[in-house]
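Peer 1: Next input, structure requested:
(2 chains)
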Amino acid sequence: MPLARKITLILIAVLGLISAATGWYSVAAERRVLRDMLDRQGKATVRSLAAYSVEAMVSVDYPALDKVMATVADEAGNIELIEISEGGRVVSRQGDRATAKGSAFSADIVLQNPGEASRVLGHVNLIVSDRDGDALIATRVREVMSNALLVFTVLAVLLPLILRRVFLERIGNLTRLTESVIREELPQAGQANLVGKPARDEIEILQACFTEMLAGLRERDASRLNTLNEVSKARSLLGDVSDSMPSMLLVVSDQQRIVLGNRSAVVSLAADRQEESVVGRPLAEVWPRLATEQESIAAALNGSHGVERRIAEKGRDGESHVFKIYFYPLSSTVHKGVLIRIDDITEQERIEEMMMQTEKMVSVGGLAAGIAHEINNPLGVMVQAAQNIERRVSEDLPANHKIAAELGITVSALRAYLERRSILEFLNDIKADGARAAQVVRSLLDFTRKSESVWASVAVEALIESSIELARKDYDLRSKFDFRKIAVDVSIEPGLPAITMIRSQIEQVLLNLFKNAAHALADRMETAQREGLEFVPRIAVRARRCGDKACLEIEDNGPGFSPEARKRVFEPFFTTKPVGVGTGLGLWISYMILTNKHSGRLLLDSTPGEGCVFTLVLPFEAAGRT
Amino acid sequence: MTEIAVLVVDDHASLRRNVLAMLEDEGFVVAGAESGEEGLVCLSSFAANVALVDMRLPGIDGNEFIQRAHRLHPALSFIVLTGSVDYVLPDEIAALGLSSASVFMKPLADPDALFRRLRSLVESAS
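Peer 2: Numbers count the residues shown, from 1 in each chain, chains lettered A, B, ... in the order given. As a prediction, the model looks like this:
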């Protein structure tokens, strides 16, 4: 029901109640007044009648009574009945007893003589009509009611109009406004989901719209907050991702200023490691070398694909570093710039080089072993043939003399000729060089021999002792430099467990290292002597536990290795010794024995001019025997 | 001391020639064969005490030659020549009394060891 009607009805009902109440109250009050009046009048009249009637009663003049009654009745006009009675007998009547209706009054007719007791002569009964009073009341009621009706009608007509004008129109506007807000701003707001009774009037409609709008606003707020949270989370996640990368990331604007840097970049480039000191600065200021890559930067700025470059530069630590740099165009409609990714590949390259070296060594080793086999036999034959020749031109064999005699020559004459023509020398060359070649081959084949792989647990002290013994007895060593003249310090960590190994192979490695050390010390000794300086050659052998492995160090105070030589020292056929000395295979074989056979390592540390340390790293227990 | 007769069975001509010369100079009586089959033929007319046998031969291989030769000449001793680092005496040869002391690697690095072995084989056979 429209509000106007509701309000009007309510108002009318209330007013009705009020006017009914007041009306009733005033009518009741008036009725009471009238009653009082009537009462008083009645009483007065009956008293006057009583008074007037005294004389006539005394003189028993009933007609005079009638006259008095009639006069009073006429005067009053509303008297229904007057009865005078004497001693219980009605002596005079005015009006009709049967039809008389109204209020009854009575009085005694009393004769009061001065000085005498009063005497009741008779009674007067009076009935006064209520009709006037009633009519008055009725008029009054009618009046009130017609008043009310008038007011109500006016209200019923005017009030809706007024309400509508003043009130409802504006509510309607408000409602429409709310609805349009819902329609346009909050499309996701659900349909009016009112709980309870459907809206019946304008205020309820407005209330419903408001509720809906409020709900829609709340929902929109919540979803906006949610989005903000998601954005913030995503941003922080991106930040974390970018900061966790070991690569350096830089975003550079088209003005070549740094817009963004991840943690790696800030740490490497900013002196105080604060992002603020990197962002905003020109690239040329932060990393001049990078800024010279203008071509790449331009290509990335304008192009659709990235550019890759490799630069080498001295890092903060003074060491040479190699960087791989990628310039990517920043694919964004908002920002124009270049995304630069920098990876320090120094370590990676070093490892790759090492691996390549190792591979080289292994493959060369395999090749060498193959070739060695093929070379073996012819070589053997060559050497043997040379030996045979030597024997058959010597004076020792009787068979030689016999054949020579048959031919009419002597063995000594033959020998003289051979000597004069240097043929015996050439023969020796064949023997010597053949033997040398055979030695090389034998070294290689020795390493690949499986027949001597006897794994045993060897005490370190015993191993070192026997290796030093071998070095002392080695013919090669004695000829060049007496190993016994070198002071060898041995220190073994107490309680060092025995190591499972192929003893002959590890002894071979140690022997090789001792030989190398002795040669190096001899060289240095020679140099020192030439320059007139003091030099005490020393070899130190140390054995200790490092982690879960055993470390054996052989140190000498010889000339040491240059960094270039150090890198190549384990390569097959690499040697720093003069031509003809050694095969260049000793360290390679040692390396193979340690790494391939024993799953260990062979390391070299050296300071040029001060000596070097070779370290054998061996697991105590052989993990997988090969 | 009676001379020791050695048969060298090897298809590598230059090697065979040189080994024969070396043995001859050392005082052995020698004969050579270029294959297992030739060796067997040779043995019928050459009373060898020891046969130096290369394992890799055309036709029947060293193993086969040794087994056949042993059946024909039970008193014959054998020395194995091999170029393979991984050579292991097969059971049927070991059963004939050969030990790893009778296995020599090519090329012969230590002729004296060979001479010693030849002599000791003949000594123990007699």
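
Peer 1: Could you report the pLDDT at A:V541?
Peer 2: Confidence at A:V541, expressed as pLDDT, is 96.

Peer 1: Go ahead and confirm it touches A:V490.
Peer 2: Yes - with contact defined as Cβ atoms under 8 Å, A:V541 reaches A:V490; the gap is 4.6 Å. Placement of C-beta: from N, CA and C, glycine included.

Peer 1: Which of these two has more residues huddled nearby?
Peer 2: More crowded of A:V541 and A:V490, by other Cβ atoms under 10 Å in any protein chain shown: A:V541, with 22 against 14.

Peer 1: Can you report how many residues lie near residue 62?
Peer 2: No chain specified, so I'll use chain A. The burial count for A:Y62: 14, using other Cβ under 10 Å.

Peer 1: wrong one, I was asking about chain B
Peer 2: By other Cβ under 10 Å, neighbour count at B:G62 equals 23.

Peer 1: buried ones in stretch B:74-93?
Peer 2: Using 16 or more other Cβ atoms under 10 Å in any protein chain shown as the burial criterion, the residues of stretch B:74-93 that qualify are B:76-83, B:85, B:89, B:93.

Peer 1: Looking at those, spot the one nearest B:V6.
Peer 2: Comparing the buried residues of stretch B:74-93 against B:V6 with Cβ to Cβ places B:I79 closest, at 8.6 Å.

Peer 1: now the strands for chain B?
Peer 2: Ranges of strands in chain B, per DSSP state E, are B:5-9, B:29-33, B:50-54, B:77-82, B:103-105.

Peer 1: now for the longest one, which elements pack on it?
Peer 2: On a contact count with 3 or more Cβ pairs under 8 Å, 6 or more residues apart in numbering or on different chains; DSSP states H and E, strand B:77-82 meets strand B:50-54, helix B:62-72, strand B:103-105, helix B:111-125.

Peer 1: Counting neighbours, what do you get for residue 117?
Peer 2: Looking at chain A here, since you left the chain open. A:A117 is flanked by 7 other residues according to other Cβ under 10 Å.

Peer 1: Hmm, no, I was thinking of chain B.
Peer 2: Residues near B:R117, counting by other Cβ under 10 Å, number 18.

Peer 1: unless I'm mixing things up, it is touching B:A101, no?
Peer 2: Yes - in this structure, B:R117 is within contact of B:A101 by Cβ under 8 Å, at 6.5 Å.

Peer 1: Now find how far off-centre stretch A:230-244 is within its chain.
Peer 2: Computed by Cα atoms, centre = their mean, to the nearest Å, the separation of stretch A:230-244 from the middle of its chain amounts to 7 Å.

Peer 1: For the host helix or strand of A:R140, name the packing helices and strands.
Peer 2: Using DSSP states H and E, A:R140 sits within helix A:131-163. With contacts taken as 3+ Cβ pairs under 8 Å, 6+ apart, helix A:131-163 sits against helix A:3-58.

Peer 1: Report the angle between the helix it packs on and helix A:131-163.
Peer 2: With axes from the mean of the first three to the mean of the last three Cα atoms, to 10 degrees as the basis, helix A:3-58 and helix A:131-163 are set at 170 degrees to each other.

Peer 1: Moving C-terminal from helix A:3-58, which element do we reach first?
Peer 2: Per DSSP H and E, the first helix or strand lying C-terminal to helix A:3-58 is helix A:62-76.

Peer 1: ok, residues contacting that next one?
Peer 2: The contact list for helix A:62-76 (Cβ atoms under 8 Å, 6 or more residues apart in numbering or on different chains) reads A:41, A:45, A:48-49, A:52-53, A:55-57, A:79, A:82, A:84, A:91-95, A:128.

Peer 1: May I see the buried residues of that helix?
Peer 2: Buried residues in helix A:62-76, defined by neighbour count with 16+ other Cβ under 10 Å: A:64-66, A:68-69, A:72-73, A:76.

Peer 1: Put together JSON lines for the residues you listed, with distance to A:R140 and pLDDT on each row.
Peer 2: Output for the buried residues of helix A:62-76, formatted as JSON lines (distance: Cβ to Cβ, whole Å; pLDDT from 0 to 100):
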{"residue": "A:A64", "distance to A:R140": "41", "pLDDT": "81"}
{"residue": "A:L65", "distance to A:R140": "38", "pLDDT": "80"}
{"residue": "A:D66", "distance to A:R140": "37", "pLDDT": "85"}
{"residue": "A:V68", "distance to A:R140": "35", "pLDDT": "80"}
{"residue": "A:M69", "distance to A:R140": "32", "pLDDT": "81"}
{"residue": "A:V72", "distance to A:R140": "28", "pLDDT": "81"}
{"residue": "A:A73", "distance to A:R140": "27", "pLDDT": "82"}
{"residue": "A:A76", "distance to A:R140": "22", "pLDDT": "78"}
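
Peer 1: With just CA atoms, put stretch A:231-241 into CSV.
Peer 2: The C-alpha trace of stretch A:231-241 is given here as CSV (Å, rounded to 0.1, in the frame of the first residue of the first chain):
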residue,chain,number,x,y,z
VAL,A,231,48.8,-7.4,-6.7
SER,A,232,50.8,-6.8,-3.6
LYS,A,233,51.5,-10.5,-3.2
ALA,A,234,52.4,-10.9,-6.8
ARG,A,235,54.6,-7.9,-6.7
SER,A,236,56.4,-9.2,-3.6
LEU,A,237,56.6,-12.7,-5.2
LEU,A,238,58.1,-11.2,-8.3
GLY,A,239,60.5,-9.2,-6.1
ASP,A,240,61.4,-12.4,-4.3
VAL,A,241,61.9,-14.3,-7.5
